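Engineer: Got a predicted structure plus its sequence, pasted below:
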Amino acid sequence: MADLRTTLPRTRQEVELAFDELVRDNRFTISVFFPLNGAVLLIASAMAWMPEPIAFNAFLILFGTLVMRSPLIVGVLPLVTRRAAVAVGALTAYAYVIEYTGITTGWPYGWFFYGVDLGPTVAGVPIGLPVFFIPLVMNAYLLCLLLLGDRARNTAVRLITVIVMVLAMDVVLDPGAVSLGFWEYYRLGEGTLLFYGVPLSNYAGWVISATIAVVLLDWGFDREALLTRLAETEFMLDDLVSFVILWGGINAWFGNWAPVVVAGLFGVGLLRTERFDSSLLRIPRRLPWQS
């Protein structure tokens, strides 16, 4: 027991280094194995091929999401100052409020309801909502910082580019989620324009939410510190790799080809910023379930 205590991290810095090592040693499992398996399980559930209680199992969905988010969370963790915590806290509160407003009033995304159990809820809003939403914005923010280079110093250019990129992520996410039955839009007026089952009002709502989210994160985090951490941490955007594999794969299965193309463009962006390590797609000598 004494030996065990001496090996456990005791300071915040030691904990962060331990998490870094854990993610770095399991990159294939986290960013390739999990999204591939997630896509297969979700598609099989939607096609009614998966028996209960595995089909759309809320615990598995939340657990898988947290694992795929872990490279981003671990990457950002050392940069969470009091100011950053306030920004994330405010964004979390906003996410709950706007989602509750959405399901009870139809504004700003349009009327929708959840068709799949996404875990415990409060007033009909999944508790895990921030884990689904905030990393999308942070991934878009980090990728834009890398793609824009020195142009990211211009606040207007930086914010507008990130907002457009967050919107592009929802062009991939929402059609896939609707195809799976995660949520469904209703009370659609006659002549409502749909994009793979998603009303355009949803994207107008995402412009509002993306703007608020990006402004809060831009205020909360030190941009230079983020760039330094990105340079030192090769796995920090692996969550975006998972996003491309998971939602690109789901959209391809359902024939949502425009979202597939957009997912591919995110893959190109990761390659261009040298954030997509092709070695991750090679089967490792030791598979995740092998000790």
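Structural biologist: Looks like it arrived, so ask away. Numbering: from 1, shown residues only.
Engineer: I'd say residue 20 and residue 74 touch.
Structural biologist: Yes - applying CB atoms under 8 Å as the test, residue 20 and residue 74 come out as touching, 6.2 Å apart. Quick note: C-beta positions are derived from backbone N, CA and C, even for glycine.
Engineer: Of these two, which one has the most company?
Structural biologist: residue 74 (21 against 18; other CB atoms under 10 Å).
Engineer: Residue 205 touches residue 112, doesn't it?
Structural biologist: No - Residue 205 lies out of contact with residue 112 (CB under 8 Å); the separation is 10.2 Å.
Engineer: what sits in contact with each of the two?
Structural biologist: residue 102 (CB atoms under 8 Å, 6 or more residues apart in numbering).
Engineer: How is residue 260 assigned, secondary-structure-wise?
Structural biologist: Taken by DSSP: H, G, I helix; E, B strand; the rest coil, the conformation at residue 260 corresponds to helix.
Engineer: Report the contact partners of it.
Structural biologist: 248, 251, 252.
Engineer: Could you do residue 88 as well?
Structural biologist: Residue 88 neighbours (CB under 8 Å, 6+ apart): 80, 134, 216, 217, 220.
Engineer: Excluding chain neighbours, give the residue nearest to the first one in space.
Structural biologist: I take that to be residue 80. residue 88 (7.5 Å; CB to CB, 6 or more residues apart in numbering).
Engineer: what helix or strand does the one you found sit in?
Structural biologist: If you go by DSSP states H and E, residue 88 is part of helix 82-105.
Engineer: Name the residues of the next helix or strand after that helix that are buried.
Structural biologist: From helix 82-105 onward toward the C-terminus, using DSSP H and E, the following helix or strand is strand 112-114. Of the residues in strand 112-114, 112, 114 count as buried by neighbour count, 16 or more other CB atoms under 10 Å.
Engineer: and the helix or strand following strand 112-114, average pLDDT?
Structural biologist: Remark: after strand 112-114, the chain's next helix or strand is strand 121-122, criterion DSSP H and E. Averaging pLDDT along strand 121-122 yields 90.
Engineer: With stretch 132-146 instead?
Structural biologist: 93.
Engineer: Mark which of the contacts of residue 88 are buried, thanks.
Structural biologist: Using 16+ other CB under 10 Å, the buried ones in the contacts of residue 88 are 134, 216, 217, 220.
Engineer: Double-check that the second one belongs to a helix.
Structural biologist: Yes - Residue 216 sits within a helix when classified using three-state DSSP.
Engineer: how much space between the nearest residue to residue 64 once chain neighbours are set aside and residue 177?
Structural biologist: Residue nearest to residue 64 in three dimensions, not counting chain neighbours: residue 38, with 4.9 Å by CB to CB, 6+ apart. Residue 38 sits at a distance of 13 Å from residue 177 (criterion: CB to CB, to the nearest Å).
Engineer: repeat for residue 142
Structural biologist: 23 Å.
Engineer: More neighbours: the two, which one.
Structural biologist: When residue 142 and residue 177 are compared for neighbours, residue 142 comes out ahead with 26 against 23, by other CB under 10 Å.
Engineer: all strands for the stretch 101-250 of the chain, in order.
Structural biologist: 112-114, 121-122, 125-126, 183-185, 194-195, 198-199 (DSSP state E, counting those that start in this stretch).
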